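> Pasting the sequence and the predicted coordinates here, then a few questions.
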Amino acid sequence: MKRLALLFLLVSGMQALVLAAAPRPNFLIITVDDMSCDSVGVYGCPLPGTTPHMDRLAGEGLRFEHAHVQVGNCFPSRNILFSGRHSHNSGVEGFYQVRDIDYPVMCDLMKAAGYYTAIRGKVSHSTPYQPYAWDDDLTIGPDGRKLHIKDVPSYGACTKRGIEKAAAARKPFCLNINISDPHKPFWKAGDQEGSHRVSRIFAAGEVPVPGFLFDDPAVREELALYYTSVRRADDAVGSILAALEESGHEDNTVVIFLSDHGMPLPFAKTHLYHHSTRTPLMVKWPGVTKPGSVDKRHMVSAVDFLPTLLDMAGVEHPEGFDGRSFLPVIKGSAQDGRDAVFKVYNENSAGNRHPMRGIETRNHLYLFNPWSDGKDVFRTATNGTATYRRMKELAPTNPAIAARLEVMDHRTVEELYDLESDPDCVHNLVGKKKHAAALERLQSRLEQVMAKTGDHALDAFRRRDDPAALQAYIKKVQAESDARRGAKRKNRKGNQKPRKAGRKSAALIEMEAPSAAAAGQGVTVKIPHKVPAALGAQKIHVTLKDANGNRLERKVLSASGNGSLEVRFDVPATVPGNAVTFSAFIGEEFASNLQHLTSGKIEVR
């Protein structure tokens, strides 16, 4: 990675000479979390008023009818978006960090090209590991506190701050502003009291029920919270766009908007169905995109995003992309080879391996589920939803819901759907003679993509009629996941101080360290504590150290009971190693401490 960094520094110098004659556009990349494409008004949402600001943005630029992400869960989806590589080539197949990478991501490439790069939200999900070398983490407010993910005005404020910092650095900006909504926790009534309020609340009786779910009061209540959260996401979009307009940079800024995947309910999030991956991609490029234009011909996907962004910025491509630029399409030209998208899912946030592969055209979706054996139950975040629990309750007495629950839990090895007549993917056509040609054609196309991209599931796909081969593949990839998670737990234990006899085993303190620090400025670390009454008041020692472990400053506070301390330090103007760490222990002195914590290295900018 160090060699890559040196290379990009050299490349950036050459690019600066080439690009100096022509002003480069700024980039404002806005994402929402867990929002289905058809929840947006201009994409046909039957519920009026869900997304007025998104609708306005679509009317000012180009929107894509057939845009998809590769996978229906956050961490892998965003890493594909910002690396231009499929999960099996980036190494980021689940919710874990990959530090030993040999490829650059968007942050590296845009930064090397002279852009001021900053991010707000989803920081740990947007690069292979974290902390990463962004110029700024706008998630941290000016006072050193982490901004609340549901605070609508803060999205505009951090956008304004990012633009101003880029101007101070005399650089064009590349800002990635990631809105939390409508990801859970959904909006709740108590949110209306402060900055988490929403401009419109939707009632259960008025919301549409997607065709892949079922109409039930419990489902409607959950959907009402979801759509209200969609409206709050739209409020945040409005806050961001207002900040851009007020900055005076609207005319030389490319605004790109999309969702990372579908709604956080069964058959959408963590799946590869049509509504799992379809995303409301919009591009507003003043002077290039035609206001109100719609592309209904080309299929583009997240893996194509970074190559496209680099072309828009005039930045050379590194080797190894799986995606390809669709800049010609943005400029209004036709582009061949845009009639299908490849989809890939591997594991959930708990490391449970249920690999799936898919290929979607404008007419059909084909899925391969090697884990499906009629016994293994698909484990996913949406199993915790009210909608899934209601399915479980109704299934014993409702055959239709029981059939859907069977699909949700067990799947079949292969699935085929006619998207023209069944976009909700309810009727599996595998085994239907009428659709045999379509099935064979899509099987062939999927195999070609898997072979071309070096997919580790290729052999299992070629032996999809052999249950023993599929079981062996699943056993292998699950063992790899278990070993990785086991090594992570072992490393955590290895970093803990051995406990002495009689040492309290309870977690008395925690540490919430910032993700970045600025030289010559203040920084705050939070120490939540739970001190039992029997221990009385205890001293908590908090230390700021440089990258070499040398103490810069220590503060000692007293704590009792449950609460949280905020400890502020002044970061020196010059810090050895350009990084700091925090440590904290509870007790009278270190040798007899009750608990000791140390943060990882935090970059000083």
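Ah, there it is.

> and the residue nearest the centre of the chain, what is it in contact with?
Residue closest to the mean C-alpha point of the chain, counted by C-alpha atoms, centre = their mean, is residue 74 at 3.7 Å. By C-beta atoms under 8 Å, 6 or more residues apart in numbering, the contact list for residue 74 reads 33-34, 95, 122, 125, 183, 260-261. Placement of C-beta: from N, CA and C, glycine included.

> change it to 6 Å
125, 260 (C-beta atoms under 6 Å, 6 or more residues apart in numbering).

> Tell me which stretches of the stretch 151-300 of the chain form strands.
Remark: strands assigned in the stretch 151-300 of the chain by DSSP state E, counting those that start in this stretch are 173-178, 253-259, 282-284, 293-295, 300-301.

> right, so of the ones you listed, which gets closest to residue 315?
The closest of those to residue 315 is strand 173-178. By C-beta to C-beta, the value is 10.3 Å.

> Next, the angle strand 253-259 makes with that closest one.
Here strand 173-178 runs at an angle of 20 degrees relative to strand 253-259 (axes from the mean of the first three to the mean of the last three C-alpha atoms, to 10 degrees).

> Name the strands paired with strand 173-178 and say parallel or antiparallel.
Here strand 173-178 is paired, per DSSP bridges, with strand 26-32 (parallel), strand 116-120 (parallel).

> In CSV, list the C-alpha atoms belonging to the first one.
Going back to what we said before, that points to strand 26-32. Extracted in CSV, the C-alpha atoms of strand 26-32 (Å, rounded to 0.1, in the frame of the first residue of the first chain):
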residue,chain,number,x,y,z
ASN,A,26,-16.4,19.3,-7.7
PHE,A,27,-18.3,16.2,-6.6
LEU,A,28,-21.0,15.8,-4.0
ILE,A,29,-21.9,12.1,-3.6
ILE,A,30,-25.1,11.6,-1.6
THR,A,31,-26.3,8.2,-0.4
VAL,A,32,-29.2,7.1,1.7
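
> Please state the offset of it from the chain centre?
Relative to the centre of its chain, strand 26-32 is centred 13 Å away, using C-alpha atoms, centre = their mean, to the nearest Å.

> got CSV for the strands paired with strand 173-178, with mean pLDDT, mean neighbour count and distance to residue 547 too?
Rendered in CSV, the data for these read as follows (pLDDT from 0 to 100; neighbours: other C-beta atoms under 10 Å; distance: least, C-beta to C-beta, whole Å):
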stretch, mean pLDDT, mean neighbour count, distance to residue 547
strand 26-32, 98, 24, 31
strand 116-120, 98, 25, 22
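
> of all those strands, which lies closest to residue 204?
The minimum distance between residue 204 and the strands paired with strand 173-178 falls on strand 26-32, with 22.2 Å, by C-beta to C-beta.

> who does residue 539 bridge with?
Assigned bridge partners for residue 539, using DSSP bridges, are residue 558.

> Look at it and report its pLDDT.
Per-residue pLDDT puts residue 539 at 84.

> okay, the nearest residue to residue 197 once chain neighbours are set aside: pLDDT?
If the residues on either side of it in the chain are set aside, residue 197 comes closest to residue 191, at 5.9 Å by C-beta to C-beta, 6 or more residues apart in numbering. Note on residue 191: pLDDT of 95.

> Could you report the neighbour count for residue 191?
Residue 191 has 19 neighbouring residues, counting by other C-beta atoms under 10 Å.

> what do you get for residue 192?
Look at residue 192: counted by other C-beta under 10 Å, it has 11 neighbours.

> Quick check: chain neighbours aside, which residue is closest to it?
residue 198 (7.3 Å).

> go on, residue 263?
residue 36 is the one closest to residue 263 (C-beta to C-beta, 6+ apart), at 4.4 Å.

> List the residues that contact that neighbour.
Per C-beta under 6 Å, 6+ apart, neighbours of residue 36: 262-263, 275.

> and what of residue 47?
Taking C-beta under 6 Å, 6+ apart, one finds 207-208 in contact with residue 47.

> did I read that right, it in a helix?
No. Remark: residue 47 does not belong to a helix; assigned using DSSP: H, G, I helix; E, B strand; the rest coil, it is coil.

> gap between it and residue 58?
Using C-beta to C-beta, to the nearest Å, residue 47 is found at 17 Å from residue 58.

> likewise residue 433?
For residue 433 relative to residue 58 (C-beta to C-beta), the value is 42 Å.

> try residue 189
Residue 189 is 30 Å from residue 58, by C-beta to C-beta.

> got it, and residue 525?
On the measure of C-beta to C-beta, residue 525 and residue 58 end up 42 Å apart.

> Then residue 115?
Residue 115 is 26 Å from residue 58, by C-beta to C-beta.

> Spit out the contact partners of residue 33.
Taking C-beta under 6 Å, 6+ apart, we find residue 33 in contact with 180, 183, 260.

> picking up where we left off before, which stretch among the strands of the stretch 151-300 of the chain is buried most, on average?
Of all these, strand 173-178 has the most neighbours on average by mean count of other C-beta atoms under 10 Å, namely a mean of 27.

> count of residues packed around residue 587?
Neighbours of residue 587 under the rule other C-beta under 10 Å: 19.

> Show the end-to-end separation of stretch 251-262, please.
Taking C-alpha to C-alpha, to the nearest Å, the first and last residues of stretch 251-262 lie 31 Å apart.

> Quick one: residues in contact with that stretch.
If you take C-beta under 6 Å, 6+ apart as the criterion, stretch 251-262 is touched by 25-33, 35-36, 57, 69, 72, 74, 77-78, 268-269, 275-276, 279, 281-286.

> check contacts around residue 293.
The contact partners of residue 293, by C-beta under 6 Å, 6+ apart, come to residue 62.

> For this protein, which residues score under the pLDDT cut-off?
Within the chain, the stretches with pLDDT under 70 are 1-22, 487-506, 534-535, 588-593.

> Surely residue 438 forms part of a strand?
No. According to three-state DSSP, residue 438 belongs to no strand; its state is helix.

> Tell me the spatial nearest neighbour of residue 44, not counting adjacent residues.
Spatial nearest neighbour of residue 44, chain neighbours left out: residue 38 (5.5 Å); criterion: C-beta to C-beta, 6+ apart.

> from what I can see the one you found touches residue 46, true?
No. Assessed by C-beta atoms under 6 Å, residue 38 is found out of contact with residue 46, at 8.5 Å.

> more neighbours, the two?
The neighbour comparison of residue 38 against residue 46 (other C-beta under 10 Å) goes to residue 38, with 20 against 10.

> Now the phi/psi pair for the more buried one, please.
Torsion angles at residue 38 (phi, psi; degrees, to the nearest 10) stand at phi -80, psi 10.
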